[in-house]
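Engineer: Sequence first, predicted model second:
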Amino acid sequence: MSGNRDKAKAKRVVQEQLARERRRRVTLWTSLGVVVLLVVVGLIGWGVAASQESDKTAGLTTPSVAVDEGTAFAVGTGPVKIDIYEDFICPACGQFEAGAASTIDQLVATDKVTVQYHPIAILDRASSTEYSTRAAAASAAAAQGGKFAEYHKVLFANQPAEGSAGLDDAKLIELGKSVGLTDAAFADAIDKGTYKAWATKVTDTAGARGVNSTPTVMVGGKALESPTAQALIAAVGAAGA
Amino acid sequence: MEIGQSARTTSGWLWISTAARLGLAAVWLVAGGLKVGDLAASGRAVNAYDLFPYEVAKVIGAAQPFLEIALGLLLLAGLAVRLSAGISAGLLVIFIAGIISAWARGLQIDCGCFSTGGELGAGQTPQYTWDLVRDAGFLLLAGILLWRPRTRYSIDGVLMGEQ
């Protein structure tokens, strides 16, 4: 009797030990597997992003009229430098333009400021057709045709809503015609997406400069906390113009 | 009696842990899924915290959505639950620290937790308090799993020979 009980007990002890051993082994191997998996997955993410970026910047054509390391278009020749980073679909940019465009025109006309426009594309997901990139690229084509300021205005006057399809290429060409961009080169650049890689590069350069949102308005290199016409006038005044 | 009660407690925890596991899995899958479609934007969201050089922020932003989805799938399947919960907790602590640091420095950003984030436009206010409460809740889920990693319907259970 007592021998049997001892045997049963011994058997149970052995079984428990085997179960513990099994748990230990399973934990070890699954842990190792998971760590390797996570490292690989992280590297895949890096690789995917890098290849997406190189795809999007392949065949880069920098517009010859661009200033600031080829990332902006200058309007005006005044002493105080204003940098404006805008996305053509960004509603806050539309509001800024509606409120401050006439002020900017005046500052330019009285030769107080030079405005550098950086058309960046951070809101491609806000339209079904990557309107941000296409519009920024179209503005580069307009700049090559000598009509950046005019085209910039007409794009904001016709700003599509977030979540829409954006304006199609035909409409972008038509708007160009309305401001005098009637040559084939302009329409051709839009049809072929000549400056789309450039738009991606400008966006990336802006990111490297710490510009993560639009509109970002800098006067003399210093960002306005709240970009409005009043803030702009005050900052330009403080900068001595 | 005592044994019965302890068995009931164990079974109760088994279900609580299972719910925590699936909840945390959903959190990671949604968070990663919302970011994976635009890796460049995810990089910009990291960059908006102003903690890393842009090139480093881009790499973090690219890897993060994939890691989040992988963690979500691991938790969903119940594979290496304790380790996955530990890594989840570590990530959440980093995110919480990031949000506190952005708050302390007065940055006006979207945390980029469940979106591709970035700086906020004029007239938008950051939701730091809410972001922190939410992340603390997720951390609690991870904590439950760290403490009681055994759950129902898990690959761990199958491998251990429990089910």
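Structural biologist: Thanks, I have it.
Engineer: how about the strands in chain B?
Structural biologist: Taking DSSP state E, the strands of chain B run over residues B:109-110, B:118-119.
Engineer: Which secondary structure element of chain B has the lowest mean pLDDT?
Structural biologist: Every helix and strand of chain B was ranked by mean pLDDT, DSSP states H and E. The lowest is strand B:118-119, at a mean of 66.
Engineer: what's the distance between the residue sitting nearest the centre point of chain A and chain B?
Structural biologist: Nearest residue to the geometric centre of chain A (CA atoms, centre = their mean): A:Ile122, 2.5 Å. Distance of A:Ile122 to chain B, given as CB to the nearest CB, to the nearest Å: 6 Å. Where C-beta positions appear, they are placed from N, C-alpha and C, glycine not excepted.
Engineer: Please save the CA atoms from stretch A:145-164 in PDB.
Structural biologist: Below are the C-alpha coordinates for stretch A:145-164, written out as PDB (Å, rounded to 0.1, in the frame of the first residue of the first chain):
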ATOM      1  CA  GLY A 145       6.500  79.800 -66.600                       C
ATOM      2  CA  GLY A 146       7.100  82.900 -64.500                       C
ATOM      3  CA  LYS A 147       3.600  82.900 -62.900                       C
ATOM      4  CA  PHE A 148       4.100  81.400 -59.500                       C
ATOM      5  CA  ALA A 149       2.500  84.200 -57.500                       C
ATOM      6  CA  GLU A 150      -0.600  84.300 -59.700                       C
ATOM      7  CA  TYR A 151      -1.000  80.500 -59.800                       C
ATOM      8  CA  HIS A 152      -0.500  80.200 -56.100                       C
ATOM      9  CA  LYS A 153      -3.400  82.600 -55.600                       C
ATOM     10  CA  VAL A 154      -5.700  80.800 -58.000                       C
ATOM     11  CA  LEU A 155      -4.900  77.400 -56.400                       C
ATOM     12  CA  PHE A 156      -5.900  78.700 -53.000                       C
ATOM     13  CA  ALA A 157      -9.000  80.500 -54.500                       C
ATOM     14  CA  ASN A 158     -10.100  77.000 -55.800                       C
ATOM     15  CA  GLN A 159      -8.900  75.000 -52.900                       C
ATOM     16  CA  PRO A 160     -10.600  71.500 -52.800                       C
ATOM     17  CA  ALA A 161     -11.900  70.200 -49.400                       C
ATOM     18  CA  GLU A 162     -10.000  67.700 -47.400                       C
ATOM     19  CA  GLY A 163     -11.300  64.200 -48.100                       C
ATOM     20  CA  SER A 164     -12.300  65.000 -51.700                       C
END
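Engineer: how far out from the middle of the chain is it?
Structural biologist: 17 Å (CA atoms, centre = their mean, to the nearest Å).
Engineer: any residues touching that stretch, and which ones?
Structural biologist: Residues from elsewhere that reach stretch A:145-164, judged by CB atoms under 8 Å, 6 or more residues apart in numbering or on different chains: A:65, A:73, A:75, A:88-89, A:91, A:93-94, A:97-98, A:101, A:117, A:119, A:123, A:126-128, A:131, A:135, A:138-139, A:142-143, A:166-167, A:171, A:175-176, A:178-181, A:183, A:185-186.
Engineer: Any of the residues you listed buried? List them.
Structural biologist: If you count burial by 16 or more other CB atoms under 10 Å in any protein chain shown, the buried members of the contacts of stretch A:145-164 come out as A:73, A:75, A:88-89, A:93-94, A:97, A:101, A:117, A:119, A:123, A:126-127, A:131, A:135, A:138-139, A:142-143, A:166-167, A:175-176, A:179, A:181, A:186.
Engineer: Select from those every entry located in strands.
Structural biologist: A:Phe73, A:Val75, A:Tyr117, A:Pro119.
Engineer: for those, which one is nearest chain B?
Structural biologist: For these, the minimum distance to chain B (CB to the nearest CB) is 16.1 Å, reached by A:Pro119.
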